[in-house]
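1. Pasting the sequence and the predicted coordinates here, then a few questions.
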Amino acid sequence: MSDRARTARVTLADVALRAGVSSATVSKVLNGRSDVSARTRERVLGVVAETGYKSTTPRHERTRALVVVLDFMASPYAGTVLQEILAAATRTATELILRLPPSPQVGASPEAARDWVAQQQASGAVGVIELAVAVPDAVHAAASDRDLPVVTIDPIGTAGDRFVSIGSTNWAGGRSATEHLLRLDHRRIAWIGGPRNSAPSAERFHGYQAALDAAGLAAEPALVLHDAFSVEAGFRHGRDLLSLEAPPTAVVAGNDEIAIGVLAAAKELGVDVPGRLSVTGFDDTPQTEWTTPGLTSVRQPLTGMGRMAVETVLAMAKGVQPASRHLQLTTSLTVRDSTGPAPAA
């Protein structure tokens with residue numbers, strides 16, 4: 001396309017003509033309608049990206065939206081954060097569009113990544129919030145190229161400064177939970193964390209290690225495990241640890257769901273908590289008060305993280321950059337009945 005053609009205003013009809021479809025079909029694609037084939041959608045978005053088409057609808061008539069990318073909603077963690085994202089968006093008259101993460105095929109193709117970003121912008125999105133989910137770096141690069149701000153809450157499997165991250169003081173939280181157990185005279189303290197490519201889990205693990213190092217202890221390889229942030233993972237690894245000839249007297253879990261799985265394993269094996277085993281979680285979600293016994297957990301301000309994500313990405317959409325690319329909110333330890341003095345040798 002010539003420079004002269006690029007400078008002329010491209011209309012919806014122009015896009016339809018170049019894509020070989022009707023104007024109604026182009027409108028459906030731009031509004032994120034599902035009743036369009038994947039091939040047609042890809043062709044239309046390719047023309048939109050190539051021509052630089054922008055809606056001529058007056059700005060005051062357009063719907064401002066944020067895309068929230070997530071792959072799980074059933075966990076109390078995700079539900080708590082998402083609820084505050086919704087509340088903050090409602091206060092600012094901003095709609096939410098929920099998306100699953102882009103497929104690996106999108107991440108493998110820069111052109112497909114650009115198309116994915118163009119589709120979000122065509123749907124009215126002025127920014128993207130990623131909620132503890134892995135998104136391909138190619139998508140982040142495309143979003144940066146098209147000036148679509150991205151804010152990631154508790155990033156997984158991503159690196160670099162193409163996005164702003166929001167989390168909590170994970171290292172300090174992991175250390176405080178471990179120090180709490182050390183003060184109770186525990187010395188065989190196990191770790192069951194989330195995925196190795198989870199930045200928050202890695203930071204919490206390093207805090208656990210730092211507390212042990214300061215106490216002159218080493219993290220025993222057999223007592224250090226990494227898996228999914230799930231009840232199932234906590235149950236499976238908790239059962240294995242408690243079946244060792246010399247089981248740990250305490251477990252520091254990477255999140256509350258893992259900790260709840262450990263409590264379930266202890267119950268199945270008849271291991272008293274906290275008489276023979278102490279357990280700590282991380283997040284301090286509402287379910288920590290429902291467990292028996294109540295779960296000691298590192299509290300991170302989940303509602304504050306959701307609210308800050310909305311405020312930050314909307315400010316970035318207006319050209320205001322945050323003071324730091326990596327924002328952290330303070331954690332604190334909430335002590336309940338799942339932790340107690342180490343059992344006698």
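-> Now that the structure is in, tell me what you want to look at. Numbering: from 1, shown residues only.
2. The residue positioned nearest the centre of the chain: what's it in contact with?
-> Most central in the chain under C-alpha atoms, centre = their mean is residue 132, positioned 1.1 Å from the mean C-alpha point. Listed by C-beta atoms under 8 Å, 6 or more residues apart in numbering, the contact set of residue 132 reads 70, 77, 78, 153, 154, 155, 156, 198, 200. C-betas here are computed from N, CA, C, even on glycine.
3. Which residue is the nearest non-sequential neighbour of the third one?
-> Counting by C-beta to C-beta, 6 or more residues apart in numbering, residue 72 is the residue found nearest to residue 78 once chain neighbours are left out, at 5.5 Å.
4. Count the residues that sit near that neighbour.
-> Close neighbours of residue 72, defined as other C-beta atoms under 10 Å, add up to 13.
5. picking up where we left off before, from the contacts of residue 132, pick the one nearest residue 99.
-> Residue 99 has its nearest neighbour among the contacts of residue 132 in residue 70, at 8.0 Å by C-beta to C-beta.
6. what's the nearest residue to that closest one if we skip its chain neighbours?
-> residue 131 (4.2 Å).
7. ok, now residue 23?
-> Nearest residue to residue 23 in three dimensions, chain neighbours excluded: residue 16, at 4.5 Å (C-beta to C-beta, 6+ apart).
8. Show the contacting residues for the one you found.
-> Contact analysis of residue 16 by C-beta under 8 Å, 6+ apart lists 22, 23, 25, 26.
9. any idea which of the residues you listed has the most stuff around it?
-> residue 26 (26 neighbours).
10. Touching, that one and residue 14? I think so.
-> No - counting by C-beta atoms under 8 Å, residue 26 stays clear of residue 14, with 9.6 Å between them.
11. follow-up on the earlier one: could you give the number of residues near the residue nearest to residue 70?
-> 24.
12. what separates it from residue 96, distance-wise?
-> Taking C-beta to C-beta, to the nearest Å as the criterion, residue 131 is separated from residue 96 by 11 Å.
13. what touches both of these two?
-> Here residue 131 and residue 96 have 68, 85 as joint contacts, going by C-beta under 8 Å, 6+ apart.
14. what ranges do the helices span in the stretch 101-250 of the chain?
-> Under the criterion DSSP state H, counting those that start in this stretch, helices of the stretch 101-250 of the chain are mapped to 104-108, 110-122, 137-145, 170-183, 199-214, 231-242.
15. Dump those helices to TSV, plus distance to residue 278.
-> Output for those, formatted as TSV (distance: least, C-beta to C-beta, whole Å):
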stretch	distance to residue 278
helix 104-108	40
helix 110-122	46
helix 137-145	40
helix 170-183	6
helix 199-214	14
helix 231-242	12
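16. Which one, of the ones you listed, ends up nearest to residue 294?
-> Distance to residue 294, taken as C-beta to C-beta, is lowest for helix 170-183 among the helices of the stretch 101-250 of the chain, at 14.6 Å.
17. Output the helices of the stretch 101-250 of the chain as JSON lines; include the columns distance to residue 260, mean pLDDT and mean neighbour count.
-> Compiled in JSON lines, the helices of the stretch 101-250 of the chain are given as follows (distance: least, C-beta to C-beta, whole Å; pLDDT from 0 to 100; neighbours: other C-beta atoms under 10 Å):
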{"stretch": "helix 104-108", "distance to residue 260": "31", "mean pLDDT": "87", "mean neighbour count": "14"}
{"stretch": "helix 110-122", "distance to residue 260": "35", "mean pLDDT": "91", "mean neighbour count": "21"}
{"stretch": "helix 137-145", "distance to residue 260": "33", "mean pLDDT": "91", "mean neighbour count": "20"}
{"stretch": "helix 170-183", "distance to residue 260": "15", "mean pLDDT": "98", "mean neighbour count": "22"}
{"stretch": "helix 199-214", "distance to residue 260": "16", "mean pLDDT": "96", "mean neighbour count": "21"}
{"stretch": "helix 231-242", "distance to residue 260": "5", "mean pLDDT": "97", "mean neighbour count": "21"}
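18. Of all those helices, which one is nearest residue 337?
-> helix 170-183 (13.3 Å).
19. Run the chain-centre distance for that closest one.
-> How far helix 170-183 lies from its chain's middle: 22 Å, per C-alpha atoms, centre = their mean, to the nearest Å.
20. Any stretches of the stretch 1-150 of the chain with poor pLDDT?
-> Where the stretch 1-150 of the chain drops to pLDDT under 70, the residues are 1-8, 31-34, 55-63, 73.
21. do that again at 50, thanks
-> Scanning the stretch 1-150 of the chain for pLDDT under 50 picks out the ranges 1-7, 58-61.
22. What are the boundaries of the strands in it?
-> With strands called from DSSP state E, counting those that start in this stretch, the stretch 1-150 of the chain shows them at 65-69, 95-99, 125-131, 150-153.
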